[in-house]
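Participant: Okay, predicted coordinates and the sequence, questions at the end:
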Amino acid sequence: GGALAGEGFAEEELRLVDSEGRCVATDHGAFVLFNVYIPALCSDNAGRVRYKRLFLRALEARCRALRAAGRAVVVAGDFNISPQPADHFRDCDGTTRARELSDSRVWMKELLAGEGAFVDAFRHCHPDRRAAYTCWNASNGAALTDCGSRIDLVLASGPLRGSIRGCDIRREMILEGSDHVPVWCDLNVEVCNAGEPPALCSSQWLPAGGGKQALITTFAVKRGGPAAEPPKAQSAPRATLKTRSIACFYEVQPRAGGTKRSRGAAWEAARPQERAQPEAVGLGGGPSAPPSSKNAAAAGVWAGILHGAKKVEAPKCRCGLSCKEQEVKKEGRNRGRMFFCCPRPVGSACKFFKWK
């Protein structure tokens, strides 16, 4: 916050930028590394648009201040911005220009333009490679048709341009539970040795034999001393339960001075007509009237609640397949509304659309 105090940021804006923990800065001697997760805009939410613009302004101002002080800077992470049309499957043919004119794309172009500007390490090594993507939409099977985008980037400030020895995408390393793949960059620089880690660094507190779950008592002893053995919990004596017959629930508990009588025996001794199913009786004491249309409608409503509403059969798309059901996520009057579309992965799906 202090480094940006003279850059025209209000205190409230600085707190907002840091509120989501999207940036970690570390000093490696030869360069300062910013590991970032820049916000994505999945809708036209005005608050998120403002936050992303504020985040990009703050990141640029911080990098500019470090470079003015003579420091080299590397910014790496998930930018949620594809730098060039070739870095997004919808733009690679030059027919879509919406992202080309977006605020984020304009910001990125200015960051990479001019003398001594930042260098996109991947494009520095592979200026003409196409379909080099790092992220695919998992909800529509985009990875199956390779309809993705390159939004995981490594940007190096101008002085490091000659130090970039290589940068590439590990497409073969599909990480379970993620729609991204790793990106690596090799810089020919001499990184300073930080020496011993700080006393509060987690590596100082993790016990030997990594991979094992640590006990809370491990963190309450001095480093190098034996960890206190946790007290063994005394298990309470387990009560012995006897299997009881269901008939015991029909027995009448004995009264004071009386004897216990079995309800089951009394029920068996009753006359057969008394054990017969009782006739439905209305509120007035007579036989209940047949259900009215109002009652029938109410019964239908309750049946829908208990057994689920009647499922709408999915129509066929132009491919002849049963459509999949999706929900509108974009802000607006149709947000939350359901619709049908082609089930094929993006890039091979037809243009079928129908509101549910």
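Facilitator: Received it, and whenever you're ready, just let me know what you need.

Participant: Residue 35: neighbour count?
Facilitator: With neighbours defined by other CB atoms under 10 Å, the count for residue 35 comes to 14. Any C-beta I mention is one placed from the backbone N, CA and C, and that applies to glycine too.

Participant: do the same with residue 312
Facilitator: 10.

Participant: now do residue 344
Facilitator: The number of residues packed near residue 344 is 18, by other CB under 10 Å.

Participant: now the strands: where do they sit in the stretch 101-250 of the chain?
Facilitator: In the stretch 101-250 of the chain, the strands defined using DSSP state E, counting those that start in this stretch lie at 119-120, 135-136, 148-149, 152-156, 164-169, 183-187.

Participant: For the third one, give the mean pLDDT please.
Facilitator: So that's strand 148-149. Confidence over strand 148-149, taken as the mean pLDDT, stands at 90.

Participant: rewinding a little: any chance of the strands of the stretch 101-250 of the chain in JSON lines, plus mean neighbour count and distance to residue 87?
Facilitator: JSON lines is the format used below for those (neighbours: other CB atoms under 10 Å; distance: least, CB to CB, whole Å):
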{"stretch": "strand 119-120", "mean neighbour count": "22", "distance to residue 87": "9"}
{"stretch": "strand 135-136", "mean neighbour count": "20", "distance to residue 87": "10"}
{"stretch": "strand 148-149", "mean neighbour count": "23", "distance to residue 87": "6"}
{"stretch": "strand 152-156", "mean neighbour count": "23", "distance to residue 87": "9"}
{"stretch": "strand 164-169", "mean neighbour count": "17", "distance to residue 87": "11"}
{"stretch": "strand 183-187", "mean neighbour count": "17", "distance to residue 87": "12"}
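
Participant: okay if I get those strands as a markdown table plus distance to residue 75?
Facilitator: Output for the strands of the stretch 101-250 of the chain, formatted as a markdown table (distance: least, CB to CB, whole Å):
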| stretch | distance to residue 75 |
| --- | --- |
| strand 119-120 | 10 |
| strand 135-136 | 17 |
| strand 148-149 | 18 |
| strand 152-156 | 5 |
| strand 164-169 | 13 |
| strand 183-187 | 11 |
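
Participant: between these, which one is nearest to residue 343?
Facilitator: Closest to residue 343 of those is strand 135-136 (CB to CB; 16.9 Å).

Participant: Which neighbouring elements make contact with the closest one?
Facilitator: Using 3 or more CB pairs under 8 Å, 6 or more residues apart in numbering; DSSP states H and E as the contact criterion, the secondary-structure elements in contact with strand 135-136 are strand 148-149.

Participant: And the strand it packs on, what does it pack against?
Facilitator: Counting contacts by 3+ CB pairs under 8 Å, 6+ apart, strand 148-149 packs against strand 135-136.

Participant: Average pLDDT for the strand it packs on, rounded please.
Facilitator: In this model, strand 135-136 carries a mean pLDDT of 90.

Participant: Kindly report the same for stretch 8-28.
Facilitator: This predicted structure assigns stretch 8-28 an average pLDDT of 89.

Participant: Now that stretch: buried residues?
Facilitator: Within stretch 8-28, the residues that count as buried by 16 or more other CB atoms under 10 Å are 9, 13, 14, 16, 17, 22, 23.

Participant: List the contacts of the fourth one.
Facilitator: Yep, that's residue 16 we're talking about. When contacts are counted by CB atoms under 8 Å, 6 or more residues apart in numbering, residue 16 touches 51, 54.

Participant: just the helices in the stretch 1-150 of the chain please.
Facilitator: With helices called from DSSP state H, counting those that start in this stretch, the stretch 1-150 of the chain shows them at 11-18, 46-68, 103-111, 121-125.

Participant: Most tightly packed of these?
Facilitator: Here the criterion is mean neighbour count by mean count of other CB atoms under 10 Å, and of these the winner is helix 121-125, at a mean of 20.

Participant: where in the stretch 151-300 of the chain is pLDDT low?
Facilitator: Counting by pLDDT under 70, the ranges of the stretch 151-300 of the chain that qualify are 175-176, 193-294.

Participant: Apply 80 and report the result again.
Facilitator: Within the stretch 151-300 of the chain, the stretches with pLDDT under 80 are 174-177, 191-300.

Participant: Other residues contacting stretch 123-132?
Facilitator: 83-84, 86-87, 89, 92, 122, 146, 150, 161, 164, 166-169.

Participant: Same check on stretch 133-150?
Facilitator: Surrounding stretch 133-150, the residues in contact under the criterion CB under 8 Å, 6+ apart are 78, 82-83, 87-90, 122, 131-132, 151-152, 169, 174, 179-181, 183, 344-349.

Participant: same question, stretch 19-28
Facilitator: For stretch 19-28, using CB under 8 Å, 6+ apart, the contacting residues are 32-39, 55, 59, 62, 191-192.

Participant: Those residues: which two are farthest apart?
Facilitator: 39 and 192 (32.1 Å).

Participant: List just the nearest of the contacts of stretch 19-28 to residue 48.
Facilitator: Taking CB to CB as the measure, residue 48 lies nearest residue 39 of the contacts of stretch 19-28, at 6.4 Å.

Participant: how about the closest one, what does it touch?
Facilitator: The neighbours of residue 39, taking CB under 8 Å, 6+ apart as the test, are 20, 22, 48, 51, 52, 55, 80.

Participant: Spatially nearest residue to the fourth one (excluding sequence neighbours)?
Facilitator: Spatial nearest neighbour of residue 51, chain neighbours left out: residue 39 (6.0 Å); criterion: CB to CB, 6 or more residues apart in numbering.

Participant: before we move on, the earlier item: closest one to residue 334 out of the contacts of stretch 19-28, please.
Facilitator: Of all the contacts of stretch 19-28, the one with the least separation from residue 334 (CB to CB) is residue 39, at 23.5 Å.

Participant: Right, I'll leave it there.
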